[in-house]
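Predicted model, plus sequence, below.
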Amino acid sequence: MSATFVKIESSKELDELFERSFDAPVFLLKHSNTCGISLDVLEQTASVNGVVYYVVVQENRPLSNEISERTGHRHQSPQAFVIKDGKPTYHATHYGIDPQSIDNLLKG
């Protein structure tokens, strides 16, 4: 199985994602469409067995900022979170993002 990519484009969708995290962990990725590292990390996350919810920071800076506020982590991109019970249980940036670790956390 490989990842399914779902773009998050609104605060409402972000709210739903955080709500969903109370049922099962969710993976959220902040992606830059002008950064080679971000593109590489995006391709690497295709190995995750589950859904990769992502925000393109250039297309939605307010939503990117909202993620920073909700998680308590300063903005970077690429930036990955696993959210469980409404809180980040995993956070990494750039080449520190480990798809295998994310996959393990999503299994619960």
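Right, received. Where do you want to start? Here the structure is a predicted model, which means the values were calculated and not measured.

Could you list the low-pLDDT ranges of this structure?
1 (pLDDT under 70).

In three-state terms, label the most centrally placed residue in the chain for me.
Geometric centre of the chain, nearest residue: Leu28, 1.7 Å, by C-alpha atoms, centre = their mean. The assignment at Leu28 comes out as strand when based on DSSP: H, G, I helix; E, B strand; the rest coil.

repeat for the one 10 residues further on
Ser38 carries the three-state label helix when classified by three-state DSSP.

pretty sure it is touching Gln79, no?
No: counting by C-beta atoms under 8 Å, Ser38 stays clear of Gln79, with 9.1 Å between them. (Each C-beta comes from the backbone N, C-alpha and C, glycine too.)

Neighbour count for these two, which is higher?
Gln79 (27 against 23; other C-beta atoms under 10 Å).

can you pull up the bridge partners for the residue nearest to that one when sequence neighbours are not counted?
With C-beta to C-beta, 6 or more residues apart in numbering as the criterion, Gln79 has its nearest non-adjacent residue at 4.2 Å, and that residue is Lys30. With DSSP bridges as the criterion, Lys30 is bridged to Val55, Gln79.
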